[in-house]
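> Sequence below, structure please.
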Amino acid sequence: MNRRNPHPLKNCLDNFKKSCGDLDKLSKINENWKNLIGLELFQECKPLNIEKKILTIAVNHPQWRQALIYNKHKLKERIEKIGITLNEIKIIQNYETKNKNIKATNAKIVWAKHPSRINQNNMCICTLCNSPTPEGEIKRWGKCSFCWRKIKN
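Okay, the predicted model is just below:
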């Protein structure tokens with residue numbers, strides 16, 4: 001009969017820690033999450049796991065997901081500053097709020113906070129279609145980009 005040689009408990013724990021090394025990285029990201037992601041996104045998303053150097057983040061609304069996708073290169077740089085190297089950041093829409101009574105997906109609130117919202121004070125009115133238009137478009141073409149394309153084509 002062939003018996004296995006017993007290993008010291010320390011070696012077993014070290015091997016287990018190596019196999020769960022991504023958990024240490026994930027806990028470090030969780031500790032710094034508010035600083036990494038910013039106050040607005042902090043309540044809207046959370047890191048789920050790290051597997052094969054791919055961080056998966058769950059987001060509770062498509063608009064926040066889009067904002068995070070747009071800025072994920074900046075997030076990756078911030079994560080690298082705390083000593084964690086990632087190959088990729090995967091963003092999924094799958095997050096439920098802890099308190100079911102609070103509806104974080106209220107469209108008006110989400111849209112009002114969304115980073116893509118343009119400051120309305122710098123908007124001009126298109127002379128042709130009367131729609132709000134960035135000041136730069138009016139200065140460049142004298143009309144909004146939609147009207148400019150219609151006239152150009």
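> Do you have the helices of the chain handy? List them.
In the chain, the helices defined using DSSP state H lie at 9-19, 21-31, 33-37, 39-42, 62-70, 72-81, 107-113, 135-141, 145-152.
> And the fifth one, what's buried?
For helix 62-70, the neighbour count (16 or more other Cβ atoms under 10 Å) marks Gln63, Trp64, Arg65, Gln66, Ala67, Leu68 as buried. No exception for glycine: its C-beta is placed from N, CA and C like everyone else's.
> same check, this time on the fourth one
Along helix 39-42, these residues count as buried under the neighbour rule (16+ other Cβ under 10 Å): Leu41.
> Give me the spatial nearest neighbour of the residue nearest in space to the middle of the chain, chain neighbours excluded.
Centroid-nearest residue in the chain, with Cα atoms, centre = their mean: Leu68, separated by 2.8 Å. Once flanking residues are discounted, Leu68 sits nearest to Ile91: 5.2 Å by Cβ to Cβ, 6 or more residues apart in numbering.
> count of neighbours near the one you found?
Residues within reach of Ile91, counting by other Cβ atoms under 10 Å, total 19.
> And the pLDDT at Gly142?
On pLDDT, Gly142 comes in at 90.
> residue contacts, it?
Counting by Cβ atoms under 8 Å, 6 or more residues apart in numbering, Gly142 makes contact with Thr127.
> And it, how far from Thr133?
10 Å (Cβ to Cβ, to the nearest Å).
> any low-confidence regions in the chain?
Low-confidence segments of the chain (pLDDT under 70): 1-3, 18-21, 95-108, 111-122, 153.
> Would you quantify the distance from Trp64 to Tyr70?
11 Å.
> just Glu51 next, same as before
In this view, Glu51 and Tyr70 are 24 Å apart by Cβ to Cβ.
> And for Ile92?
To Tyr70, Ile92 is 16 Å away according to Cβ to Cβ.
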